[in-house]
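> Need a 3D model of the following:
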Amino acid sequence: MTIPDLKTLHSLGAAQQPQWPDPAALDAAVGKLRSVPPLVFAGECDELKEKLAAVARGEAFLLQGGDCAETFDGVTADNVRNKLRVLLQMAVVLTYAASVPVVKLGRLAGQYAKPRSSDTETRDGVTLPAYRGDAVNGFEFTEESRVPDPQRLVEVYHSSASTLNLVRAFTTGGYADLRQVHTWNTDFVRSSPVGRRYEQVAREIDRALTFMNAIGADPDEFHRVDFHSSHEALVLEYEHALTRIDSRTQQPYDVSSHFVWIGERTRQLDGAHVELLSKIKNPIGVKLGPTTSPDDAIALANKLNPDNEPGRLTFITRMGAGKIRDILPNLVEKVTAAGVQVAWVCDPMHGNTFEASSGYKTRRFDDVIHEVQGFFDVHRALGTWPGGVHIELTGDDVTECVGGGEALAEMDLGNRYESVCDPRLNRVQSLELAFLVAEMLRNAQTADASTAPAAGITVTRGTA
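Numbers count the residues shown, from 1 in each chain. Next up, the predicted model:
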């Protein structure tokens with residue numbers, strides 16, 4: 001399969017691309033990226049595709065989460081461990097409480113570029129280029145910082161390599177062992193109601209593991225987890241330079257990540273991003289916002305997955321809590337009727353952002369939950385499978401989204417607001433979400449909504 005060159009891609013009217021000021025510097029950075037080793041391997045991408053095929057069939061659930069926008073300064077062992085830890089905790093809750101395999105997909109090791117609604121930002125009468133993520137320019141509001149620098153793309157590669165090395169060490173070196181479930185619960189989480197509920201789950205898992213050990217069962221899956229990376233494929237130069245031909249199959253893979261997705265702002269059917277991702281063999285996703293028609297979705301599926309291969313394509317819906325029940329049913333019904341093989345995943349974050357009176361961009365935890373509930377209700381009514389959730393979260397005790405069991409108010413946002421772009425759920429809110437989604441999953445698995453919850457996992461809305 002022939003990959004179009006960068007000139008051809010840009011001729012398609014590539015959306016959301018930086019205005020690089022120095023073509024020679026850009027060529028040098030791209031040339032360097034073309035020579036570096038792959039960050040992931042094609043075989044790993046194929047393994048993830050098989051897992052996502054199970055999601056599409058209704059046999060597994062996808063948990064995808066991580067930072068809104070990674071930063072170079074955030075590539076530390078503590079930061080990576082904290083993000084991994086909250087995803088491991090959420091996966092344990094979902095797996096144990098809902099008895100469904102959970103595919104774990106980090107929004108990390110590449111999520112350094114962000115689309116923006118405007119090319120510029122104005123403060124106090126000064127207008128500068130918008131911050132487009134550390135892959136492009138600096139967050140500091142100065143003329144020098146905001147100039148797009150292609151050398152940053154090389155730094156994205158090295159930072160992603162460091163992150164993946166840490167993740168692989170944690171997931172295979174003992175940290176992800178199920179016998180560590182208690183140690184994943186740090187003090188500030190353990191003292192919360194949802195943290196205490198998690199401890200109850202951990203104790204029950206301990207008892208189950210003791211029983212398994214007593215009968216001589218000790219499978220490898222108890223000691224490690226499969227964990228994959230993902231990011232939005234936004235900056236064409238980076239993704240194109242890291243697209244390589246697999247020596248096994250002679251097929252092209254984007255070896256910057258196991259899974260890449262096309263954003264709501266770049267999903268034009270005849271656009272550069274759809275064209276590039278239609279040529280690679282990775283599992284891929286597309287964000288679908290409230291303006292998406294069924295014809296749009298079917299056309300994207302035909303372009304991106306012409307062989308209708310299960311696990312190849314994931315539709316990530318981001319409708320907003322107030323719109324999902326109105327828009328999603330027709331979309332899912334017509335895509336399903338067209339015979340499209342796709343995993344449906346809910347992004348309950350991006351359609352629910354607003355500006356607080358203090359000026360901080362935030363989200364209400366209740367809106368996030370209501371969108372997820374709407375997503376589950378629609379699929380339940382149609383007899384289709386709610387395949388997963390895509391969450392912007394952090395493993396830290398930040399104050400960026402209001403509500404949840406901690407009852408964070410708008411006045412609390414300034415206490416520890418650390419995101420350089422969109423607000424994330426903190427660790428307690430993320431764990432609370434996992435318990436609530438587990439309840440929804442149990443209900444999705446049975447026609448009887450009154451089925452008793454699993455022992456020790458009673459979930460009551462508003463008390464987690």
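
> Going along the chain, name the helices of the stretch 301-450 of the chain.
324-337, 365-382, 427-444 (DSSP state H, counting those that start in this stretch).

> what angle do the shortest one and helix 365-382 make?
The reference is to helix 324-337. Relative orientation of helix 324-337 and helix 365-382, computed by axes from the mean of the first three to the mean of the last three CA atoms, to 10 degrees: 40 degrees.

> And the strands in this structure?
Applying DSSP state E to the chain gives strands spanning 61-66, 102-107, 120-123, 126-129, 227-232, 243-245, 252-254, 259-262, 284-288, 313-317, 343-346, 353-355, 361-363, 388-392.

> Give the burial count for the closest residue to Glu410 other than its chain neighbours, as a bare number.
Nearest non-adjacent residue to Glu410, counting by CB to CB, 6 or more residues apart in numbering: Ala356, 4.4 Å away. Every residue, glycine included, has its C-beta placed from N, CA and C. Summarising burial for Ala356: neighbours were counted as other CB atoms under 10 Å, giving 16.

> Test my guess that Ala356 contacts Leu408.
No: under the criterion of CB atoms under 8 Å, Ala356 is not in contact with Leu408, lying 11.0 Å apart.

> what touches both of those two?
Shared contacts of Ala356 and Leu408 (CB atoms under 8 Å, 6 or more residues apart in numbering): Val402.

> how far is the worst-scoring helix or strand of the chain on mean pLDDT from where the chain is centred?
In the chain, no helix or strand scores lower on mean pLDDT, DSSP states H and E than helix 187-190, which sits at a mean of 78. Per CA atoms, centre = their mean, to the nearest Å, the displacement of helix 187-190 from the mean C-alpha position of its chain is 24 Å.

> buried residues in it?
Val189 (16 or more other CB atoms under 10 Å).

> And the pLDDT for Ala452?
At Ala452, the model reports a pLDDT of 37.

> so which of the strands of the chain is the most packed in?
Mean neighbour count (mean count of other CB atoms under 10 Å) peaks for strand 343-346 among these, with a mean of 28.

> Pull up the pairing partners for it, direction included.
Sheet pairing of strand 343-346 (DSSP bridges) gives strand 313-317 (parallel), strand 388-392 (parallel).

> tell me the mean pLDDT over that strand?
The pLDDT scores in strand 343-346 average 98.

> So what's the residue count around Ser191?
11.

> That one and Asn185, how far apart?
Using CB to CB, to the nearest Å, Ser191 is found at 10 Å from Asn185.

> hey, what's in contact with both of those two?
The contact lists of Ser191 and Asn185 share no entry, where a contact means CB under 8 Å, 6+ apart.

> So what's the gap between stretch 268-276 and the chain middle?
21 Å.

> repeat for stretch 385-403
With CA atoms, centre = their mean, you get 10 Å for stretch 385-403.

> as a whole number, average confidence for it?
96.

> Show me where the stretch 1-150 of the chain has its helices.
6-11, 23-35, 42-56, 77-98.

> And the nearest residue to Tyr112 once chain neighbours are set aside, how close does it get to Asp46?
Excluding its sequence neighbours, the residue lying closest to Tyr112 (CB to CB, 6+ apart) is Ala135, at 3.9 Å. Separation of Ala135 from Asp46 (CB to CB) stands at 27 Å.

> I'd like to know which of the helices of the stretch 1-150 of the chain lies nearest to Asn282.
For Asn282, the closest of the helices of the stretch 1-150 of the chain is helix 42-56, at 4.8 Å, according to CB to CB.

> Outside of that closest one itself, list whatever touches it.
Here helix 42-56 has contacts from 60-62, 101, 103, 105, 226, 228, 246, 248-249, 251, 253, 255, 258-259, 281-283, 309-312, 314, 341-343, 385, 387-388, using CB under 8 Å, 6+ apart.

> Give me the distance from stretch 346-354 to the chain's centre.
Using CA atoms, centre = their mean, the offset of stretch 346-354 from its chain centre is 13 Å.

> could you dump that stretch to PDB, C-alpha only?
Extracted in PDB, the C-alpha atoms of stretch 346-354 (Å, rounded to 0.1, in the frame of the first residue of the first chain):
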ATOM      1  CA  CYS A 346     -18.000   7.200  24.900                       C
ATOM      2  CA  ASP A 347     -15.900  10.300  25.400                       C
ATOM      3  CA  PRO A 348     -17.900  12.100  28.100                       C
ATOM      4  CA  MET A 349     -15.400  14.900  28.600                       C
ATOM      5  CA  HIS A 350     -15.100  17.100  25.500                       C
ATOM      6  CA  GLY A 351     -18.800  17.800  25.000                       C
ATOM      7  CA  ASN A 352     -19.200  19.000  28.600                       C
ATOM      8  CA  THR A 353     -16.600  21.800  29.000                       C
ATOM      9  CA  PHE A 354     -17.500  25.300  30.200                       C
END
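
> what sits up against that stretch?
Applying CB under 8 Å, 6+ apart, the external contacts of stretch 346-354 come out as 264, 287, 289-290, 316-321, 323-324, 361-364, 367-369, 371-372, 375, 386, 388-392, 422-423.

> Repeat the analysis, applying 7 Å as the threshold.
The contact list for stretch 346-354 (CB atoms under 7 Å, 6 or more residues apart in numbering) reads 287, 290, 316-321, 361-364, 367-368, 371-372, 375, 386, 389-392, 422.

> One more: stretch 367-379?
Against stretch 367-379 from outside (CB under 7 Å, 6+ apart): 317, 319-321, 324-325, 328-329, 332, 344, 346, 348-349, 351-352, 385-386, 389, 433, 436-437, 440, 444.
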